[in-house]
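Asks: mind looking at a prediction? Sequence and model below.
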Amino acid sequence: MCSETCLDLKINIQTDSQLVEKTSVFCNRIYHPNPSSNLYSSIRDHISNGAPKEALLIYTQNRRNPLNLLSVLPLVFKACAILSLTNYGKSLHSESIKAGLLSDVVVGTSMVNMYAKCCNAIDARKVFDEMPVKNVVTWNAMIGGYMKNRETQPALRLFNKMSDRTSVSWIEMITGYARTGDTMMARSFFDQVPFPLKNVMTWTVMVDGYASNGDMKAAKKVFEAMPERNFFVWSSMVSGYFKKGDVESGETIFNRIPFRNLVNWNSLISGYSQNGLCEKALEAFAKMESDGFEPDEVSFASALSACAQLGSLKTGKDLHDMIIQKRIKVNIFILNSLVDMYAKCGDLMNARLIFEDMMESERNDSCWNAMISGFSIHGHCREALEFFDRMEKSKVTPNEITFLSVLSACAHAGFVEEGLEIFDKMGKYGLVANVKHYGCLVDILGRVGRLKDAYRVVTEMPVRPNESVWGALLGACRVHSDMEMANRVVEKVNAELTRCGYVVMSNMYAASERWEKAESLRDLMFRERVQKTVGCSSVHLNDYDGNRS
């Protein structure tokens, strides 16, 4: 295989009519496959069934005869697009040049589509410009590539040059502008769609564009005006309302669906989970099954997220067993959800077993964060730091959540120097510390008695300290019985003394037997109608299908 791409090679391609005609006849003979071809069918079926990696493996194993293999190149380009394998696609591009296939419109279009979906609009446009013959699918692929990369101006110029447009051409423009948040331009194109081309998908992408941008009022207006609806537009509305936190409206839309499918149920289950209504999410999961729908990867990922939030290890294990029994395809979302569920539920051994069994390419920042957070929450602080170090050495970049988890671990374990060093690393990754990060830093310093340093952090931090930050500092003052520093904090806060501050100061006065001060502060709390937050705990008695656990 040639490692150089055709874009790096200066090749003069003849485009006279005879050569184009001869090449086209040759390409048609070897490209258009016999439907009974085992190789073609096998690769096509693997891609259709969501297994593009297996499709590429089959191609690699059967590539010795070029005449037989060139017929499946468009399918292989499609697999590369799905997996975002630009380098592999470039190698195939080079092979296409050597075989003289650039004049074939189907191969060229699949190449444009591959580069576009791999977010490489520059190379996609080079292939597009070099193609001697283009069809409307080629134009749509290039416009879609620009819009995927949020390059609206070149997409618009190309769209205006099109002599023949299909519904897909309009859909690409509407979807692209909606993706950039410009719903006004998206609506402008929607209104211009010729009546014969304004089909159910055109209506759907407009509704989804509004819903994705949180404009549910506009989404509902278009939704109610639709002459017909498909299952996707119902799901867009359900998901849109849940993302806005409007659970009641999301439920109302779901209950209106005349014929539900799995996608609709997944929108409901995911919506409940995202809004912290975890019991309802698991109830919906069980109801979906009782209605005869087999859960898929999305269903299980949402249900596992609900278990993680509830801390329901038993239900999570039951779902894990179901995944194995039903032979659900274990993709990156399932693996991340399992790691997160086990970590949050305190079963760190199983969380780590699944994590270590994953390929490095499958571990994203959410997966690393789940492990680090799990170790931190459950007191395994040294392991949290070890995993943070491993994450830094991997190809995954730590984010704000990563630093929050590892700083929390440092605070609980009293790792002062490590905590200070880690806090300073945020700038290395281009991250800006927020009030929660500063709160952890104050907690780290306060726990070891470095109250002056903690006070300096609070007074000099670039963001306004909140109740948690002042509470952490006052709590440290109480632990170390430093009334002088506590009074300085109170003077600093002055009239903005927080609820937490009132309670901590009152407890400090009581602990030092300064009863008059404690009583006067309690009286002040009563007059200001400041109430102490009531502590509570929960015991999970039932699993998702109502059985006692």
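Replies: Arrived safely, thanks for sending.
Asks: just for this protein, where's the confidence low?
Replies: Applying pLDDT under 70 to the chain picks out residues 1-37, 64-70, 493-549.
Asks: so who does the residue most central in space within it touch?
Replies: What sits nearest the mean C-alpha location of the chain, by CA atoms, centre = their mean, is residue 366, with 8.8 Å. Residue 366 is in contact with 336, 340, counting by CB atoms under 8 Å, 6 or more residues apart in numbering. For every residue, glycine as well, the C-beta is placed using N, CA and C.
Asks: so it versus residue 113, what's the distance?
Replies: The gap separating residue 366 from residue 113 is 29 Å, by CB to CB, to the nearest Å.
Asks: measure the residue nearest to the centre of the chain to residue 352 for me?
Replies: 16 Å.
Asks: same deal with residue 93?
Replies: 41 Å.
Asks: of the two, which one has the most company?
Replies: residue 93 (26 against 18; other CB atoms under 10 Å).
Asks: so when I look at residue 293, I'm seeing a strand, right?
Replies: No. Using DSSP: H, G, I helix; E, B strand; the rest coil, the secondary structure at residue 293 is coil, not a strand.
Asks: burial count for it?
Replies: Neighbours of residue 293 under the rule other CB under 10 Å: 17.
Asks: for residue 199, same thing?
Replies: Residue 199: 15 surrounding residues under other CB under 10 Å.
Asks: contacting residues around it?
Replies: Contacts of residue 199 by CB under 8 Å, 6+ apart are residue 167.
Asks: distance of it relative to residue 173?
Replies: Distance, residue 199 to residue 173, using CB to CB: 15 Å.
Asks: now do residue 82
Replies: Taking CB to CB, one finds residue 82 at 23 Å from residue 173.
Asks: more neighbours: the two, which one.
Replies: residue 173 (26 against 18).
Asks: these two touch, right, the more buried one and residue 159?
Replies: Yes. If you go by CB atoms under 8 Å, residue 173 and residue 159 touch, sitting 5.9 Å apart.
Asks: what do the two both touch?
Replies: Residues touching both residue 173 and residue 159 (CB under 8 Å, 6+ apart) are residue 143.
Asks: residue 320 contacts residue 339, correct?
Replies: No. Using CB under 8 Å, residue 320 is not in contact with residue 339, being 11.2 Å away.
Asks: more neighbours: those two, which one.
Replies: Set residue 320 next to residue 339 and count neighbours by other CB under 10 Å: residue 339 wins out with 27 against 20.
Asks: hmm, that one is touching residue 370, no?
Replies: Yes. Counting by CB under 8 Å, residue 370 is a contact partner of residue 339 at 4.9 Å.
Asks: which residues do these two both contact?
Replies: Common neighbours of residue 339 and residue 370 (CB under 8 Å, 6+ apart) are residue 351.
Asks: what's the separation between residue 350 and residue 117?
Replies: Counting by CB to CB, the gap from residue 350 to residue 117 is 36 Å.
Asks: repeat that for residue 463.
Replies: Distance of residue 463 to residue 117, computed by CB to CB: 39 Å.
Asks: of these two, which one has the most company?
Replies: residue 117 (22 against 13).
Asks: for stretch 187-206, buried residues please.
Replies: For stretch 187-206, a neighbour-count test (16 or more other CB atoms under 10 Å) marks 187, 189, 190, 193, 198, 201, 202, 203, 204, 205, 206 as buried.
Asks: so the first one is in which element?
Replies: The reference is to residue 187. Per DSSP states H and E, residue 187 falls inside helix 183-192.
Asks: and whichever helix or strand comes after that helix, what does it pack onto?
Replies: Once the chain leaves helix 183-192, the next helix or strand it forms, by DSSP H and E, is helix 200-212. Secondary-structure packing of helix 200-212 (3 or more CB pairs under 8 Å, 6 or more residues apart in numbering; DSSP states H and E): helix 167-179, helix 183-192, helix 216-225, helix 231-243.
Asks: out of those helices, which is closest to residue 307?
Replies: Among the helices and strands packed on helix 200-212, helix 231-243 comes nearest to residue 307, with 18.6 Å by CB to CB.
Asks: need the contact partners of that closest one.
Replies: 200, 203-204, 207-208, 210-212, 214, 216, 219-220, 223, 226, 247, 249-250, 253-254, 256-257, 259-261, 263-264, 266-268, 270-272, 274-275.
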